[in-house]
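Peer 1: model this:
(one chain, ligands or ions: 1)
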Amino acid sequence: MFKELANKLRKDTFLSREEYKILIENRDKCADYLFENARQVRDSVYGRKVYIRGLIEISNNCRNDCYYCGIRRSNSNAARYRLYENDIMQCVKKGYELGFRTFVLQGGEDAYYTDDTLCGIIGRIKAECPECAVTLSLGERSYDSYKRLKSAGADRYLLRHETANREHYGKLHPPEMSYNNRVRCLENLKSCGYQTGAGFMVGSPYQTADDLAGEFEFLKKIQPEMVGIGPFVPHRDTPFRDFPGGSAELTLFMLALVRLTLPHVLLPATTALATVDGKGHENGMNAGANVIMPNLTPKGERKKYALYNNKASTGAESAEGIALLKEQMSRAGYTVVSDRGDYIP
Ligand code: 5AD
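Peer 2: The predicted model follows:
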């Protein structure tokens, strides 16, 4: 029966919410079969290539106060930092030499980065590395801001919705944050022409199997080009410090379901997954992922970008560790490529 559901998903790329829920609740009986199908679908669109993105964590200053996040504004234990244009250009130069052709500028919602400032930085990256893609991951901004950053040369934007369930969203965020605005931002990003990344945490506090099943309805509606999924990992200086973390096992299953629902999606094996599972990269690829985002943030700042405790930032998780990552991937039957790695429609 689970095999039939998996076959139906492979064929139709969509199940009812109830059917997704049944698969999720019975995943011990069908995970391997689903992973096999997810790999086949991934291979048919992208082959066995692994796209790499150089992640530059430009600031851990954040105006928001999300209950799960270690860089929330009320965490007075966080040592704050910010990278300026020249710091960022040094990361880009180093990443370029290591073979990166996509750079992801990610940060908290830091008012320092006005549109003018960001347009200057994006323009410089594009002038110095015209064949590189620029991805932004800087939170909620206005339509006009997204538009201007796109005109300045930004190609992609990552903005996780964190959960597709409005009530659940309300339990993860303070009252001043709005589910509606998050969704509106994703729609605005799409209409500005970005390759747009949505995404959610697995195993976050109060999440149910029905919430997870609801993710697929949401993704079908938004049609993102990228989906970032990682397990919730508690951070000691947040209100969620005592909640259990999400499991690698459930995260991998969700990756496979996303691959089968959105066959062309760019799907990373995330740092959070690699943090809770020492084989997270390989296991992620074997569940249908095709992207890895090694860390290019200067070493001195890296540990300060602590969204959660014990975040992996060395070895194959770091840009310097690219040789190790290539070796791990090739042992698992994949090839790390030096390529922009655009969405294939
Ligand atoms: N555990 C896992 N992921 C987290 N993020 C933030 N805090 C945590 C945490 N405690 C994720 C969010 C955010 C992304 C940048 O990091 O999903 O969108």
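
Peer 1: how about the residues of this protein that lie near the ligand?
Peer 2: Tyr68, Cys69, Arg160, Glu162, Met201, Gly230, Phe232, Val233, His235, Ala272, Leu307, Tyr308 (Cβ under 6 Å from any ligand atom). Every residue, glycine included, has its C-beta placed from N, CA and C.

Peer 1: From those residues, pick the one nearest Glu36.
Peer 2: Closest approach to Glu36 among those (Cβ to Cβ): Gly230, at 22.9 Å.

Peer 1: is it true that the closest one touches Met201?
Peer 2: Yes: between Gly230 and Met201 a contact is recorded at 6.2 Å, counting by Cβ atoms under 8 Å.

Peer 1: Pick out whichever of those two has more residues nearby.
Peer 2: A count of neighbours by other Cβ atoms under 10 Å puts Gly230 above the other of Gly230 and Met201, at 29 against 24.

Peer 1: before we move on, the earlier item: among the residues of the chain next to the ligand, which lie within helices?
Peer 2: The helices, defined by DSSP state H, take in Ala272 from these.

Peer 1: Now intersect the residues of the chain next to the ligand with the strands, please.
Peer 2: Mapping those onto strands (DSSP state E) picks out Met201, Gly230.

Peer 1: Now for Gly230 and Met201: what residues contact both?
Peer 2: Gly246, Ala272 (Cβ atoms under 8 Å, 6 or more residues apart in numbering).

Peer 1: show me what contacts the most centrally placed residue in the chain?
Peer 2: In the chain, the residue lying closest to the centroid (Cα atoms, centre = their mean) is Gly228, at 2.9 Å. Contacts here follow Cβ under 8 Å, 6+ apart; on that basis Gly228 touches Leu158, Arg160, Gly197, Ala198, Gly199, Pro268, Thr270.

Peer 1: Strands of this structure, start to end?
Peer 2: Taking DSSP E as the test, the strands found in the chain are 49-52, 54-59, 102-107, 133-137, 156-158, 195-202, 226-231, 291-292, 335-337.

Peer 1: between those, which gets nearest to Ala323?
Peer 2: strand 335-337 (9.8 Å).

Peer 1: what helices or strands is the closest one leaning on?
Peer 2: Judged by 3 or more Cβ pairs under 8 Å, 6 or more residues apart in numbering; DSSP states H and E, the packing partners of strand 335-337 are strand 49-52, helix 322-331.

Peer 1: Would you convert those into a markdown table that also reports mean pLDDT, distance to Ala154 and mean neighbour count?
Peer 2: Below are the helices and strands packed on strand 335-337 laid out as a markdown table (pLDDT from 0 to 100; distance: least, Cβ to Cβ, whole Å; neighbours: other Cβ atoms under 10 Å):
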| stretch | mean pLDDT | distance to Ala154 | mean neighbour count |
| --- | --- | --- | --- |
| strand 49-52 | 98 | 18 | 23 |
| helix 322-331 | 96 | 24 | 16 |
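
Peer 1: among those, which is nearest Asn283?
Peer 2: helix 322-331 (11.1 Å).

Peer 1: From the chain's centroid, how far away is the closest one?
Peer 2: How far helix 322-331 lies from its chain's middle: 21 Å, per Cα atoms, centre = their mean, to the nearest Å.
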